[in-house]
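**Q** how would this look folded up:
(4 chains)
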Number of protein chains: 2
Amino acid sequence: MTDGTIGLLIADDHPVVRAGLRAVLESEPGFVIVAEAATAERAVELAADPGVDVVLMDLQFGAGSAMNGAQATAAITARGAGAPRVLVVTTYDTDADTLPALEAGATGYLLKDAPPEELARAVRSAAAGRSALAATVADRLLERMRTPAAALSVRETEVLGLVADGLTNQQISRELHLSQATVKSHLVHVYTKLGVESRTAAVRAARAGGLIRRGS
Amino acid sequence: MTDGTIGLLIADDHPVVRAGLRAVLESEPGFVIVAEAATAERAVELAADPGVDVVLMDLQFGAGSAMNGAQATAAITARGAGAPRVLVVTTYDTDADTLPALEAGATGYLLKDAPPEELARAVRSAAAGRSALAATVADRLLERMRTPAAALSVRETEVLGLVADGLTNQQISRELHLSQATVKSHLVHVYTKLGVESRTAAVRAARAGGLIRRGS
DNA sequence: GCGGAGCTCAATCCTTTGATTGATGCCGGA
DNA sequence: TCCGGCATCAATCAAAGGATTGAGCTCCGC
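**A** Down below sits the predicted model:
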């Protein structure tokens, strides 16, 4: 917005969380909640509103929607100049969540357990174009820099995630539109990086190391 | 409470979620939020307040606390007469979450994506001592009744646990002093009972069904 | 522009896993 | 006492997974 106030779009499929973010941020001076979206698709639409400066974006949108938060983030930031900043606010902080989101152009990444002050600070940072990362996320990014070995690429993480879901290489290749050779190739790299020698052990190691979400 | 209003205790480690529940429920007539707790331990303490009729309990409390929501629920309901009802409000709806919570004496189980009206209705039900289950949770409980299967023998569970640890059949046979044939035999039975066709899928299914520890 | 890293694929070979069938002994309830 | 479930093992075969080697492509930083 042009008058110094910051226009916000809240995108989350949980009514309770939307109400919480609204309650926390409305009490802050200088913030105006312009709109709310319950789906990722709707968030992309509403983000086109010129009054929106920052989008608070969840990553998981329930089974109902085909698009996830990272994809919505990519769609919004792809509009280039004039597009609002996207601040991801989610529950999970595994590489499987953070990397795609940051790659999609998110300006910040916060966890939902962040205290209100941190949230407000992050929104102001995002509005100013500065990035705002939760401490644990920043830590792991730095750790990743330091030890390039134990870090899986986005694609490798994606494949490993499907392995954790119990899919065979065949099914994974179909899911990702790859050949089985490529899937195997990715897995070989994953095994090497994680120091294991079977898919089940890799899933276990990745789960322990926070590389994939524990839930699945 | 004695005057018809319903006293609430909100227990969740996320400030945003607490604010959201407060915002949603405060706007309902007849509800009074008596207190908030950011940890499971604190929730147990505060639940002793005679003004609390219903506890809105999350299941996951961040890494900081040793007690989880199910344990807190058990501690609260164990006080018997006069103890408040516990309504679990969480994000996850896997058997591994729901079963312990209900076993611990929760009066209801809601998901965080529930609309405000459903939330309010569930709180009133809980206050009156009636159970309130989210549709998906109720469905799965009934499904569970109908299909008595899914019960693994002790030995089968033992083998599956080692599979979840990433061991090969060879390693499992050594670990348990069996032949590989026996290990395979157990796994075939496990696959049949779980309705899957690979070790990774079996691990996933067992984890989702609470048959093995989520930690490993 | 060069080199490295990541993503993609192919072919080969060997190991592991899973399916199938069949068999033995033990134990506990009808 | 007999039947059924559980645990144990064997043999065999087909399918999936994993190791190895090699290679073309793009993108990015130096």
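
**Q** isn't A:P100 right next to A:A70, touching?
**A** Yes. Using C-beta atoms under 8 Å, A:P100 is in contact with A:A70, at 4.2 Å. Where you see a C-beta, it was placed from the backbone N, CA and C, and this is true even at glycine.

**Q** more neighbours: which of these two?
**A** Using other C-beta atoms under 10 Å in any protein chain shown, the more surrounded residue of A:P100 and A:A70 is A:A70, with 23 against 20.

**Q** for the host helix or strand of that one, packing partners?
**A** Using DSSP states H and E, A:A70 sits within helix A:69-77. Contacts defined by 3 or more C-beta pairs under 8 Å, 6 or more residues apart in numbering or on different chains; DSSP states H and E place helix A:69-77 against helix A:40-46, strand A:54-57, strand A:85-90, helix A:95-103.

**Q** if we go to 6 Å?
**A** The contact analysis (3 or more C-beta pairs under 6 Å, 6 or more residues apart in numbering or on different chains; DSSP states H and E) places helix A:69-77 against helix A:40-46.

**Q** show me the shaky parts of chain A.
**A** Low-confidence segments of chain A, defined by pLDDT under 70: A:1-3, A:63-65, A:95, A:140-150, A:214-216.

**Q** do the lengthiest helix in it and chain B meet?
**A** When every helix of chain A is counted residue by residue (DSSP state H), the longest turns out to be helix A:180-194. No. Counting by C-beta under 6 Å from any C-beta of the partner chain, chain B is not contacted by helix A:180-194; separation bottoms out at 10.3 Å.

**Q** quick check, distance from that helix to the centre of its chain.
**A** Once both centres are worked out by C-alpha atoms, centre = their mean, to the nearest Å, helix A:180-194 turns out to sit 24 Å from its chain's centre.

**Q** do it and DNA strand D meet?
**A** Yes. Part of helix A:180-194 sits near DNA strand D under the criterion C-beta under 7 Å from any atom of the strand, namely A:180, A:184-185, A:187-188, A:191.

**Q** I'd like to know which elements that helix is packed against.
**A** Here helix A:180-194 is seen to pack against helix A:154-164, helix A:169-176, helix A:199-208 when contacts are counted using 3+ C-beta pairs under 6 Å, 6+ apart.

**Q** can you give me the angle that helix makes with helix A:154-164?
**A** In terms of direction (axes from the mean of the first three to the mean of the last three C-alpha atoms, to 10 degrees), helix A:180-194 departs from helix A:154-164 by 100 degrees.

**Q** three-state assignment of A:L211?
**A** Classification of A:L211 by DSSP: H, G, I helix; E, B strand; the rest coil places it in coil.

**Q** interface residues of chain A facing DNA strand C?
**A** Listed as neighbours of DNA strand C in chain A under the rule C-beta under 7 Å from any atom of the strand: A:148, A:153-156, A:176, A:178-179, A:181-182, A:184-186, A:198.

**Q** narrow these to just the buried residues.
**A** Among those, the ones that count as buried by 16 or more other C-beta atoms under 10 Å in any protein chain shown are A:156, A:176, A:178, A:182, A:186, A:198.

**Q** show me which of those is closest to DNA strand D.
**A** Distances from DNA strand D to these, taken as C-beta to the nearest atom of the strand, are shortest for A:S198 (4.1 Å).

**Q** check the residues of chain A next to DNA strand C and tell me the two furthest apart.
**A** Considering C-beta to C-beta, no two members of the residues of chain A next to DNA strand C lie farther apart than A:P148 and A:S179, which are separated by 26.8 Å.

**Q** and stretch A:37-51, C-alpha only, in CSV?
**A** Once side chains and other backbone atoms are set aside, the C-alpha atoms of stretch A:37-51 remain, and they are given as CSV (Å, rounded to 0.1, in the frame of the first residue of the first chain):
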residue,chain,number,x,y,z
ALA,A,37,-8.2,-17.5,1.3
ALA,A,38,-9.1,-21.0,2.3
THR,A,39,-7.4,-22.6,-0.8
ALA,A,40,-4.2,-22.2,-2.6
GLU,A,41,-6.0,-21.4,-5.9
ARG,A,42,-8.0,-18.7,-4.3
ALA,A,43,-4.8,-17.3,-2.7
VAL,A,44,-3.3,-16.9,-6.1
GLU,A,45,-6.4,-15.1,-7.4
LEU,A,46,-6.6,-12.7,-4.4
ALA,A,47,-2.8,-12.0,-4.5
ALA,A,48,-3.4,-10.1,-7.7
ASP,A,49,-5.2,-7.4,-5.6
PRO,A,50,-2.9,-4.3,-5.6
GLY,A,51,-3.7,-3.7,-2.0
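
**Q** quick check: buried residues in it?
**A** A:37-44, A:46-47.

**Q** so which of those residues comes closest to DNA strand C?
**A** When these are compared for distance to DNA strand C (C-beta to the nearest atom of the strand), A:A40 comes out closest, at 22.5 Å.

**Q** middle-most residue in chain A, spatially?
**A** What sits nearest the mean C-alpha location of chain A, by C-alpha atoms, centre = their mean, is A:A101, with 3.6 Å.

**Q** next, the contact list for that one, please.
**A** Taking C-beta atoms under 6 Å, 6 or more residues apart in numbering or on different chains as the definition of contact, the neighbours of A:A101 are A:70, A:88.

**Q** do the one 4 residues further on as well
**A** Contacts for A:G105 were tallied using C-beta under 6 Å, 6+ apart; they are A:T77.

**Q** can I assume it sits in a helix?
**A** No. Assessed by three-state DSSP, A:G105 does not belong to a helix; its assignment is coil.

**Q** what about it, distance to chain B?
**A** When C-beta to the nearest C-beta, to the nearest Å is applied, the distance between A:G105 and chain B equals 23 Å.

**Q** same check on A:A151?
**A** From A:A151 over to chain B the distance is 20 Å, taken as C-beta to the nearest C-beta.

**Q** check which helix or strand covers that residue.
**A** With elements taken from DSSP H and E, nothing contains A:A151; it lies in neither a helix nor a strand.

**Q** give me the neighbour count for it.
**A** Neighbouring residues of A:A151 were enumerated by other C-beta under 10 Å; the total is 18.

**Q** from A:A206, how far off is it?
**A** As defined by C-beta to C-beta, to the nearest Å, A:A151 lies at a distance of 12 Å from A:A206.

**Q** I appreciate the help and will end here.
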